[in-house]
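**Q** Okay, sequence plus prediction incoming.
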Amino acid sequence: MKVCVSVGAKTYALLKKKADAAIKLGADLVELRLDYLRTFDVEKLKNVTKGIEGRCILTLRSSKEGGRFTGDEAKRIQLLYHLTDLKPAYIDIELDTVKKEKKLTEVYTKTTLIASKHSFTNTPNQSTLSRWVEEALSFGGVGKVVTTARRFEDNLRVLEVLKQAPKGRLIAFCMGELGLVSRVLAPMLGSPIVYSCLKEATAPGQIELSEALRLYRVLGYEDRL
């Protein structure tokens, strides 16, 4: 299990400051939410990732799945191809995008693809969740299925599909206050990455890094950190 801090900023200088702070405070990984940036410049981004390439998740999230990228989809896909040149440890791309743009899945050598699917409105039924998981895992990297909990039972449905997936291949949990229990328990069912934040959350229900590290030590997961 790796503890990841998700950070976003409007400027490259602030993004690097936050990434460095997350690593210094004990994060195994840092997710750079590139859709928060006001402009996009690959050379400036190289300065942000320099030295921490092997601990980065690069994400350029579409507005359709809760991101802040304001350009058109063709431009976003073009930028996603450029991100592979930075050789991050992971790159997170929406499942719907890689299904349409399959060449994106053919360009990674040192990078693991996270094919992700998000629902910010609810948690679908078991059949839909299972289909999303199967599709996300079909691209060979890590699958990620994240939904919104409207009731406690939603957590159980997501944890059930996580338990059935190959260990270490699927990230799955619910967002929101009601989803906290699945965020916390997901690593114990094989989820390889736990997402946290510094102070400002990039998704509903994230807990701060210091609390996440303390929590897993209390739960006896210290040796897995």
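**A** That came in fine, so what should we check first? Bear in mind that the values here come from a model prediction, so they are computed numbers and not experimental data.
**Q** Nearest residue to the middle of the protein?
**A** residue 92 (6.2 Å; C-alpha atoms, centre = their mean).
**Q** now what about stretch 106-118, what contacts it?
**A** Residues from elsewhere that reach stretch 106-118 (C-beta atoms under 8 Å, 6 or more residues apart in numbering): 57, 65-66, 81, 84, 87-96, 98, 104-105, 132, 135-137, 139-147, 171. All C-beta atoms are positioned from the backbone trio N, CA, C, and that covers glycine.
**Q** so which strand or helix has residue 132?
**A** helix 126-137 (DSSP states H and E).
**Q** how about the CA coordinates for the next helix-or-strand element following that helix, as PDB?
**A** Toward the C-terminus, helix 126-137 is succeeded by strand 142-148 as the next helix or strand (DSSP H and E). What follows is strand 142-148, C-alpha atoms only, in PDB (Å, rounded to 0.1, in the frame of the first residue of the first chain):
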ATOM      1  CA  VAL A 142      -4.200  -0.400 -12.400                       C
ATOM      2  CA  GLY A 143      -8.000   0.100 -12.500                       C
ATOM      3  CA  LYS A 144      -9.700   2.800 -10.400                       C
ATOM      4  CA  VAL A 145     -13.400   3.000  -9.600                       C
ATOM      5  CA  VAL A 146     -14.500   5.800  -7.400                       C
ATOM      6  CA  THR A 147     -18.100   6.600  -6.600                       C
ATOM      7  CA  THR A 148     -20.100   8.800  -4.300                       C
END
